[in-house]
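Enquirer: Turn this into a model:
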Amino acid sequence: MIEVHQLTKRYGDKTAVDGLTFTVEPGTVTGFLGPNGAGKSTTMRLITGLDSPTAGHARVNGKRYADFAAPLREVGVLLEARAVHAGRSAHHHLRALAHTHGIPRSRVDEVIGMVGLREVARQRAGKFSLGMGQRLGIAVALLADPATVLLDEPVNGLDPEGVLWVRRLLTSLAAEGRTVLLSSHLMSEMAQTAEHLVIIGRGRLLADTTVDRFVREAGLGTVKVVSPGAALLAELLRGPGVEITGEGHGTLQVAGADAELIGTTAARHGIPVYELTPHAASLEDAFMELTRESVEYPAAAQGVAV
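Expert: Predicted coordinates for the structure are as follows:
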């Protein structure tokens, strides 16, 4: 379990993390989301003892990271995959870490095979592609078989097969009862991998909920309606919280009313309906809506001038 309580980090007059409180439970993949500059990386550095908080604290299984005698055995961390001596091979890098933490040599060969680096294990890490570097970073995080795993952008640079492998890996780790905290900008992957979400903006907590509840409560879903009586149906449906667009050519896009209500209303007034198709909001839609005011460098709404 990871417990963050009133965590605050200031750099001069800039507050990177502002009174952050959340818990990451074991047995589930928790997605850690936020716009660029939201404080995600700073928070992960504070959890893993790479930076000191201005106020508040972070605990992993009840302890500060710095208090673990063999931290690699307790917490597997991927924050910067390329933080490897360029002249060392993947095998030597893992051997050195295993030696300092009392990890059997057999485990080195095991994780090399697990992450798919067996064919290049003796090559210098400095020649690795971005994806190969990510695989090595994941191997380091898993080397001591820790109960808690923190991964920052683990699929960065991976091909589709590698992305699928990471998704299955994280799901299996959570199924074993481990604590998994995952940061990623790929909403499609987060939607398929995470069950719980912690979302921050400008260093503050914006949401702490399940993926399903977050998307459902965003209220951004629409229903496509095709009917020869579209104009009359639109008038009947209009009310507080209901938005209707695209009334031309017998087609409506309705937000704020579900398919059941629309179908019932149409039937009650004898209006034929040819199509009634719900379109649920995506995680990306819900995330963009929530963080709209927390983006540090928003892009212009109009097209970019050339």
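
Enquirer: So residue 224 lies in a strand, does it not?
Expert: Yes: counting by DSSP: H, G, I helix; E, B strand; the rest coil, residue 224 is part of a strand.

Enquirer: Stretch 175-193 spans what distance, first to last residue?
Expert: End-to-end span of stretch 175-193 (Cα to Cα, to the nearest Å): 12 Å.

Enquirer: Can you give me the buried ones in that stretch?
Expert: Neighbour-count burial for stretch 175-193, counted by 16 or more other Cβ atoms under 10 Å, picks out 178-184, 187, 189-191, 193. In this view, the C-beta of every residue, glycine as well, is placed from N, C-alpha and C.

Enquirer: among the residues you listed, which two are most distant?
Expert: In terms of Cβ to Cβ, the buried residues of stretch 175-193 reach their longest pairwise distance at 178 and 187, which sit 23.5 Å apart.

Enquirer: so where do the helices sit in the stretch 1-150 of the chain?
Expert: Assigned by DSSP state H, counting those that start in this stretch, the helices in the stretch 1-150 of the chain fall at 40-47, 71-74, 90-100, 105-114, 130-142.

Enquirer: can you redo these as TSV with distance to residue 246, mean neighbour count and mean pLDDT?
Expert: Output for the helices of the stretch 1-150 of the chain, formatted as TSV (distance: least, Cβ to Cβ, whole Å; neighbours: other Cβ atoms under 10 Å; pLDDT from 0 to 100):
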stretch	distance to residue 246	mean neighbour count	mean pLDDT
helix 40-47	37	23	95
helix 71-74	55	18	91
helix 90-100	55	17	92
helix 105-114	50	16	94
helix 130-142	42	22	92
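
Enquirer: between those helices, which gets nearest to residue 267?
Expert: Comparing those against residue 267 with Cβ to Cβ, the closest turns out to be helix 40-47 (48.4 Å).

Enquirer: Which elements pack onto that closest one?
Expert: If you count contacts as 3 or more Cβ pairs under 8 Å, 6 or more residues apart in numbering; DSSP states H and E, helix 40-47 packs onto strand 2-11, strand 14-24, strand 28-33, strand 55-60, strand 148-152, strand 179-183.

Enquirer: how about 10 Å then?
Expert: Taking 3 or more Cβ pairs under 10 Å, 6 or more residues apart in numbering; DSSP states H and E as contact, the helices and strands that helix 40-47 lies on are strand 2-11, strand 14-24, strand 28-33, strand 55-60, strand 75-78, strand 148-152, strand 179-183, strand 196-201.
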